[in-house]
Every structure is written in structure tokens, then in C-alpha cells.
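Asks: I would like to see how this sequence folds:
(one chain, ligands or ions: 1)
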Amino acid sequence: MTHGLPGIDEARSAFRGARFVLVLSGAGVSAESGVPTFRGAGGYWRQRHFSELATPEAFARDARLVWDWYLERRTTVKLCQPNAAHRALAAWAQRAAAGEAPPGRLVTQNVDGLHERAGHPDAVRLHGSLWRNACSRCGAERDDDALRHDELPRCAGCGALERPGVVWFGEAIPREAAAAASDAASRADCVLVVGTAGVVYPAAGLVESARDRGARVIEVNPDEDYGRGERGAFGGIWLRAGAGIAVPAVVG
Ligand code: ZN
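Replies: Numbering: from 1, shown residues only. Okay, here's the model as predicted:
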């Protein structure tokens, strides 16, 4: 299906010839698995805008409400499956670990865990995970796949309420993830941007810094209005196709 897709041959050879690849994935990849994008389509839940729910202040005001929203998101995501893009990226990471493909790092803005479910070994999660809890006092984290909490979960260490382990409005990217992402950007001579408008900082800054050092940028985005010209938002190779079509063709 990708035969004749403009830019595909150039993208494949840029990827295969790379010494280190940074892959940046965003909401568009999840959307192809049916995960709702809360920033699109109004972004309301129980008459509240998600920007009123995804904040430390909302949690302090009504932890039950915020948890119910996140538990509903877990339930929705659990019914979604990784798509061809998730699977191709996981297979690439595994081949790279065996020395059979260019090495690199996947950095994702997604919190749904679909990269991990596809078998990705070491995705860097800029915005945390729906499937992690973090203590609201001491910060201790743990995996949690519960779909309901009759009582709000509490930290085993200090007893304070646990909160969803995701990055909220006004919060910084977790330090370890930020460091891993900027390390990957500093090493990359090829950047593959998938399913994100790329205009959201700090992720856009990662792409720009790699590009400014000479890295080739490959963008996958089916939106005709995307970018500022024929070469996409970052002046590289723009593949106008869905992630599930274009990503396997580039990295497979
Ligand atoms: Zn604690």
C-alpha cells in the first residue's frame, strides 16, 4: 500500500542508514487504535473539560472525581489494541537490540501503554503512564492495572493518597524521562515524528535540536493541513499517511 507514497523511499533509506534514531510518538498513533484524544473533540467528561481534571488542584479538590476519570480512561484503553505502528516500532527496537537494525530510542507523549503492550522494551514516557500510581506526598511509584478503586489507593510507604502517575498541566516532565529524551535527541542523526503535530514543547524542541545538528527528520502525518510546506513542520520528509501504513514501511 505504500508503493508510490511520496517520500517513502527517501525515508526508508534515511532510517536504514542512520547511526541513531529518535522516534517521537504522539496522540495520532493512539488514535489509530481507537484511543480518544482528549485534546480533540471538545475534551469534556461529565461536563468538565479535561483541563479542569488533569491538574494537581483538581486532585486536591476532588480526588475521587479525578480518579474516576482516569479509571474510565484505563477501561477504555484496555479495550484498545496496539496497531501496526506500535508493533513495527517494537519489532524495530528488538531487532536493534540484536544489532540487526539502526539503534535508537522511542520517546512517547502517550500515556496509554500501547507501545509497551506491543512489546516495546524501553519507551521513554514524557507524560507518565495511565498504568502507574504515584504517591501524592513522597512520590513513590508503582504499577497499577486496577479498573476500579472502591477506596482511593494509598501509598504503602507513607499512607498518603496515590494519584495517577501522569504529568498534569503545570507539571514538569519527570527528570529521568527528560534526560533520556534529550540524550536521544543529542545522539540522533535521524528523527521519526509520528502522530504528533510536533508543535508541543518540550517535544518539539527535541526535534529542532536534532535537526539543527543536521539530523534528517521524517514526519508521518495524514493531515493535509499539517506543516508549513511540502516538507512538513520541520523541513524534512513528510509522509502523508496514517501511522499504521507509513511506520511499518519506514522501519520494517
Ligand atoms: Zn508516599
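
Asks: Nearest residue to residue 243 in space, ignoring adjacent ones along the chain?
Replies: Closest residue to residue 243 apart from its sequence neighbours, by CB to CB, 6 or more residues apart in numbering: residue 85 at 3.8 Å. C-beta: built from backbone N, CA, C; applies to glycine.

Asks: next one: phi and psi at the one you found?
Replies: Listed backbone geometry of residue 85 is phi -70, psi -50, with angles given as degrees, to the nearest 10.

Asks: looking at it, it is touching residue 248, isn't it?
Replies: Yes - using CB atoms under 8 Å, residue 85 is in contact with residue 248, at 7.0 Å.

Asks: higher neighbour count, these two?
Replies: Counted by other CB atoms under 10 Å, residue 85 and residue 248 do not tie: residue 85 has more neighbours, with 29 against 19.

Asks: which ones are touching the more buried one?
Replies: With contact set as CB atoms under 8 Å, 6 or more residues apart in numbering, residue 85 has these partners: 25, 29, 32, 194-195, 243-244, 246-248.

Asks: what about it, distance to residue 113?
Replies: In this view, residue 85 and residue 113 are 15 Å apart by CB to CB, to the nearest Å.

Asks: just the helices in the stretch 151-252 of the chain please.
Replies: Secondary structure of the stretch 151-252 of the chain (DSSP state H, counting those that start in this stretch): helices located at 175-187, 203-212, 243-251.

Asks: So which elements touch the shortest one?
Replies: Read that as helix 243-251. Packed against helix 243-251, as judged by 3 or more CB pairs under 8 Å, 6 or more residues apart in numbering; DSSP states H and E, are the following elements: helix 8-16, helix 27-31, helix 84-97, strand 190-194, strand 216-220.

Asks: Could you dump the ones you listed into JSON lines with distance to residue 234 added?
Replies: Converted to JSON lines, the helices and strands packed on helix 243-251 look like this (distance: least, CB to CB, whole Å):
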{"stretch": "helix 8-16", "distance to residue 234": "13"}
{"stretch": "helix 27-31", "distance to residue 234": "16"}
{"stretch": "helix 84-97", "distance to residue 234": "19"}
{"stretch": "strand 190-194", "distance to residue 234": "7"}
{"stretch": "strand 216-220", "distance to residue 234": "4"}
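
Asks: Would you list the phi and psi of residue 129?
Replies: Geometry field for residue 129 lists phi and psi as phi -140, psi 140, criterion degrees, to the nearest 10.

Asks: residue contacts, it?
Replies: Residue 129 is in contact with 111, 113, 165-166, counting by CB under 8 Å, 6+ apart.

Asks: between those, which is closest to the ion?
Replies: Proximity of the contacts of residue 129 to the ion (CB to the ion) peaks at residue 165, which lies at 12.6 Å.

Asks: Looks like residue 101 contacts residue 95 (just checking).
Replies: Yes - at 3.9 Å, residue 101 counts as touching residue 95 under the criterion of CB under 8 Å.
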